[in-house]
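J.: Dropping a prediction and its sequence here:
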Amino acid sequence: MEFSSDIERQLNGYGLTTAHILYRMPDFESVLQTYVWQDYDLAPDFPEMHRFLDFWQSKLDGPLHSVRYSHQRLIGPHEWRRVTGELRLH
């Protein structure tokens, strides 16, 4: 599904997902590097994160060691209400 803005994504259930990825250096397998990935994603299936990790495993040389992630919905439909009037002050 395509969304025109981040606010539209959030209203449709997306939340901010942050993944802390540890991977092994291609030439020095005993050395671990870190990478932080962040995007809007849908819990609990996390299709965007899985798409990124699939890309990583198929296209990049550094094998994954571990992935830790956190997810937070920033806003939801219950936090919005329709305003029916407007009050103006000088």
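T.: Here it is on my side, so go on. Note that the structure is predicted; figures quoted are calculated from it, not measured.
J.: Can you give me the pLDDT of E29?
T.: If you check E29, the pLDDT there is 88.
J.: and if you look at H78?
T.: Listed pLDDT for H78 reads 63.
J.: For the top helix by length along the chain, which outside residues touch it?
T.: When the chain is parsed with DSSP state H, its longest helix is helix 47-59. Contact with helix 47-59 is made by 17, 19, 21, 23, 37, 39-42, 62-64, 67, 69, as judged by Cβ atoms under 8 Å, 6 or more residues apart in numbering. From N, CA and C alone the C-beta is placed, and that goes for glycine too.
J.: if you look at the residues you listed, which of them are in strands?
T.: Of the contacts of helix 47-59, the ones assigned to strands by DSSP state E are 17, 19, 21, 23, 37, 39-41, 64, 67, 69.
J.: Helix or strand with the lowest mean pLDDT in this structure?
T.: Of all helical and strand segments in the chain, the minimum by mean pLDDT, DSSP states H and E falls on helix 6-11, at a mean of 83.
J.: what's the distance between it and the middle of its chain?
T.: The chain centre lies 13 Å from the centre of helix 6-11; the measure is Cα atoms, centre = their mean, to the nearest Å.
J.: This completes my enquiry, with thanks.
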